[in-house]
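**Q** A predicted structure for the sequence below; I have some questions about it.
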Amino acid sequence: MDASFPTFDTIIDRTNSHSDKWSKFPETVIPMWVADMDFDSPDCIKKALAKRVEEGVFGYTKTPQALESAIQVHVSTRYNWLISPADLVHLPGLVCALHLSVRVFSDEGDSIVVPGPVYYHLTKAPALTGRHVLNVDMQLTEGRWVPDMAQFEAACADPKSKMILLCNPHNPGGTVYTKAELLSIHTLAEKYDLVVISDEIHCDLILDAVPHVPFASLNADAANRTITLMAPSKTFNAAGLGYAFAVIQNTALRNQFDQGRMGLIPSANMLGLVAATAAYEEGQEWHQALLTYLAGNRDLLSQRLAATPLKMAHLEATYLAWIDVSALSLDNPYDFFVGAGVGVSNGADFGDGNFVRLNFGCPRSVLLNAIERIESALKNRECLG
């Protein structure tokens, strides 16, 4: 690798940058909660943004054709998925698209099928709009978090069910669904005629040699009933730039989606469009180096936690560890970790208070510091016990 290529070991001081992540806790606590990495973004993004800012005029902006072409190449190269520019809907973020999809493709009183514990907006989106959440338990099977398929079918068979909200790769479990697993879910979607909203924002963060299969790429029927949500934000550390996209290959569904967003959800941020184009066109080397580094962080965390009462299933994707703390019998696991100086996400927000979620997208020295704090707190607890 070129000597000028940035190192992920570099510590960047974000304490005075109005960062959500770094503003939540006191300075004595390492923030490891929200899905926001502490790495320098790729040079290609920084250079593209600087060039655009230098132009000095920031008016309403159309989506560049270069971005649509770059997305096509990206999903074709990485996922063997052929889409057209007409299938794309450009958005200022993924969460708003998730909430919009629930509002557009279901009605108040309908049921929405959601495998979980899961990223909380997949349950918030139905709950905030008078829909019923039908939770399908994720079970640890052969070391991977996968849905209970008997529960899944029972939920889909509910006469009020209209939609499946799927998170693939799964956040917080880290599972990359296999094609066979996705086909089993598709069988239920087709049998009970359900729309599928597939949150695939972490698809470019696969740490093992396993393929990501977009749900819509399974077959023609899947393509016809799926709204796929993707973004470069988590992968290229550009969440604050406000860009995501939906792939909706069914023209009628796409028109419904566009009509539903009218006047409510604005166009994508101009600088987000610039950053996304640069990331997909030129960010491949940085991206691969990131995955290698994150896999090293995951393995380090896994090895060290294995010597403690804490349990962490193998994570196939994401930089978000889902840690089982039930062996400690804590009244409040979240408070225990924060008290140890490690600001995790509360597992209760995702659906299980016996877990915490820890973001290891940080320099390795920071991760080691956090691990040592956790180990020290566990030792102190043993002494007190």
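**A** Cool, the structure landed. These numbers come from a predicted model, not from an experiment.
**Q** use CA for all of it now, contacts and neighbours both
**A** Noted.
**Q** can you pull the contacts of Tyr60?
**A** With contact taken as C-alpha atoms under 8 Å, 6 or more residues apart in numbering, Tyr60 is in contact with Met270.
**Q** and the nearest residue to Thr61 once chain neighbours are set aside, what pLDDT?
**A** Spatial nearest neighbour of Thr61, excluding adjacent residues (C-alpha to C-alpha, 6 or more residues apart in numbering): Met270 at 5.9 Å. Confidence at Met270, expressed as pLDDT, is 97.
**Q** So what does Met270 look like in phi/psi?
**A** Dihedral angles phi and psi of Met270 (degrees, to the nearest 10) take the values phi -60, psi -50.
**Q** which residues sit in contact with it?
**A** Residues touching Met270, when contacts are defined by C-alpha under 8 Å, 6+ apart, comprise 58, 60-61.
**Q** ok, 10 Å please
**A** Applying C-alpha atoms under 10 Å, 6 or more residues apart in numbering, one finds that Met270 lies in contact with 49, 52, 58-64, 92, 241-243.
**Q** Quickly check the residues you listed for the two that are furthest apart.
**A** Using C-alpha to C-alpha, the pair of these lying farthest apart is Arg52 and Pro92, separated by 18.2 Å.
**Q** Those two: which is more packed in?
**A** A side-by-side neighbour count of Arg52 and Pro92, using other C-alpha atoms under 10 Å, places Pro92 first with 22 against 16.
**Q** Wait, Ser198 touches Thr226, no?
**A** Yes. Using C-alpha atoms under 10 Å, Ser198 is in contact with Thr226, at 7.0 Å.
**Q** Compare these two (neighbour count), which wins?
**A** When Ser198 is set against Thr226 and neighbours are counted by other C-alpha under 10 Å, the residue ahead is Thr226, at 26 against 23.
**Q** distance of that one from Val53?
**A** With distances defined as C-alpha to C-alpha, to the nearest Å, the gap from Thr226 to Val53 amounts to 36 Å.
**Q** One more: Val325?
**A** 47 Å.
**Q** neighbour count winner among those two?
**A** Neighbours were counted for Val325 and for Val53 using other C-alpha under 10 Å; Val325 has more, 19 against 12.
**Q** In the stretch 51-200 of the chain, where is pLDDT below threshold?
**A** Scanning the stretch 51-200 of the chain for pLDDT under 70 picks out no residues.
**Q** now Tyr192: how far from Ile112?
**A** Relative to Ile112, Tyr192 is positioned 12 Å away (criterion: C-alpha to C-alpha).
**Q** now do Val118
**A** Taking C-alpha to C-alpha as the measure, Val118 and Ile112 are separated by 14 Å.
**Q** Same check on Leu218?
**A** Taking C-alpha to C-alpha as the measure, Leu218 and Ile112 are separated by 22 Å.
**Q** Pick out whichever of these two has more residues nearby.
**A** Shown here are Leu218 and Ile112; by other C-alpha under 10 Å, Ile112 has more neighbours (29 against 16).
**Q** Walk me through the domains of this protein.
**A** For the chain, the structural domains run 20-41+284-378, 48-282, going by automatic domain parsing.
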